[in-house]
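S.K.: For reference, the sequence and a predicted model appear below.
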Amino acid sequence: MIPGNGHRRDTELREAITSASEGPATLEAAAQEELMRLWGDLHAAVRDARDGCWSVGCENAAYRVAMLTRSLGRPTPWQQIPFELLESGLYQRFHELIGMTVEPPAPEWMAEERGRREAMEREFGAGRGGRAG
């Protein structure tokens with residue numbers, strides 16, 4: 001049993017381990033899934049950075065994305081990237097800097113997605129982010 005909140009944490013730990021057994025079957029698939037999550041971490045770091053400045057959190061997340069992207073030898077598909085990182089050009093610039101070519105989403109798709117998000121924001125309020133797809 002885990003010290004602290006013993007039984008509850010032990011149960012939660014068991015659940016996490018059990019759900020991991022249902023995850024990707026190969027190291028490469030697990031790395032690709034983790035890379036998608038790291039892009040989410042980078043998005044959160046950029047969003048949370050004070051006054052829009054590049055922060056230590058941004059640096060750390062970008063480092064982790066770069067390390068795993070290079071290890072896999074291919075970029076994460078743009079459909080798995082938070083929209084704001086596509087819109088800002090960060091996704092495209094990141095890959096340019098590490099020497100990988102990426103095909104960005106079509107401008108028409110970007111305009112349609114932007115319009116959809118603006119409509120959602122008007123209807124439901126600010127702060128609704130997410131992945132491109």
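M.R.: In hand now; what should we look at?
S.K.: now stretch 112-127, how far from the centre of its chain.
M.R.: 20 Å (C-alpha atoms, centre = their mean, to the nearest Å).
S.K.: Oops, could you answer that again for stretch 82-89 instead?
M.R.: 11 Å.
S.K.: Name the residues of it that are buried.
M.R.: 82-86 (16 or more other C-beta atoms under 10 Å). Placement of C-beta: from N, CA and C, glycine included.
S.K.: now stretch 65-82
M.R.: Using 16+ other C-beta under 10 Å as the burial criterion, the residues of stretch 65-82 that qualify are 65, 68-69, 75-76, 78, 80-82.
S.K.: Local confidence estimate at the residue most central in space within the chain?
M.R.: Centroid check for the chain by C-alpha atoms, centre = their mean gives G40 as the closest residue, at 2.1 Å. The confidence metric pLDDT takes the value 97 at G40.
S.K.: Could you check which helix or strand contains it?
M.R.: If you go by DSSP states H and E, G40 is part of helix 27-48.
S.K.: Which other helices and strands does that helix contact?
M.R.: Counting contacts by 3 or more C-beta pairs under 8 Å, 6 or more residues apart in numbering; DSSP states H and E, helix 27-48 packs against helix 56-72, helix 83-87, helix 90-97.
S.K.: Can I get that helix in CSV? Just the C-alpha atoms.
M.R.: Backbone C-alpha positions of helix 27-48 (Å, rounded to 0.1, in the frame of the first residue of the first chain) are rendered in CSV as follows:
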residue,chain,number,x,y,z
LEU,A,27,7.3,1.1,-28.3
GLU,A,28,7.0,3.2,-31.5
ALA,A,29,3.2,3.5,-31.0
ALA,A,30,3.6,4.4,-27.4
ALA,A,31,6.2,7.1,-28.3
GLN,A,32,3.8,8.5,-30.9
GLU,A,33,1.0,8.7,-28.4
GLU,A,34,3.3,10.3,-25.9
LEU,A,35,4.5,12.8,-28.5
MET,A,36,0.9,13.9,-29.1
ARG,A,37,0.5,14.5,-25.4
LEU,A,38,3.8,16.5,-25.2
TRP,A,39,2.4,18.8,-27.9
GLY,A,40,-0.5,19.3,-25.6
ASP,A,41,1.9,20.1,-22.8
LEU,A,42,3.7,22.6,-25.0
HIS,A,43,0.3,24.2,-25.8
ALA,A,44,-0.5,24.5,-22.1
ALA,A,45,2.9,26.0,-21.4
VAL,A,46,2.5,28.6,-24.2
ARG,A,47,-1.0,29.4,-23.1
ASP,A,48,0.0,29.8,-19.4
